[in-house]
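Undergrad: mind folding the following:
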Amino acid sequence: MSAKAEHYDVIRKPVITEKATMASESGAVVFEVAVDANKPQIKEAVEALFGVKVKAVNTTITKGKEKRFRGVKGTRKDVKKAYVTLEEGSTIDVTTGL
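TA: Model (predicted):
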């Protein structure tokens, strides 16, 4: 497997929510990442894929909710989000797609 494919395994998709939009005003971009990915891997993947310098990476894991579907109990998957703070002058436009 190529290095680029591995980076796409680490970073799943950008998160576009109200909170993520507010974070982008302060130079941060939010991505959904693999649950087993660590901060150095996330930093390396963002720098390689987008060609920007990363200042810091903060992560959070949201536990999956228990929901019912047609009377059957199920659990949503756990989601890990990475708040990637970029160096001054670097930007990523997530609305154009990866």
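
Undergrad: phi, psi of Glu88?
TA: phi -60, psi 130 (degrees, to the nearest 10).

Undergrad: where along this structure do the helices fall?
TA: 3-10, 18-24, 39-50 (DSSP state H).

Undergrad: list the contacts for the spatially most central residue of the chain?
TA: Nearest residue to the geometric centre of the chain (Cα atoms, centre = their mean): Phe31, 1.7 Å. Applying Cβ atoms under 8 Å, 6 or more residues apart in numbering, we find Phe31 in contact with 11-15, 42, 46, 81-82, 84. Using the backbone N, CA and C atoms, a C-beta is placed for each residue, glycine as well.

Undergrad: picking that back up, so which of the helices of the chain is the most surrounded?
TA: Across the helices of the chain, averaging neighbours per residue (mean count of other Cβ atoms under 10 Å) puts helix 39-50 on top, at a mean of 18.

Undergrad: from the contact counts, what lies against that one?
TA: helix 3-10, strand 11-14, strand 28-33, strand 54-62, strand 79-86 (3 or more Cβ pairs under 8 Å, 6 or more residues apart in numbering; DSSP states H and E).

Undergrad: name whatever forms a beta bridge with the residue nearest to the centre of the chain.
TA: For Phe31, the beta-bridge partners are Pro14, Ala82 (DSSP bridges).

Undergrad: for this structure, which residues score under the pLDDT cut-off?
TA: Along the chain, the model assigns pLDDT under 70 to residues 1-2, 94-98.

Undergrad: re the thing from before, which one of the helices and strands packed on helix 39-50 lies nearest to Thr21?
TA: Proximity to Thr21 (Cβ to Cβ) singles out strand 28-33 among these, at 9.0 Å.
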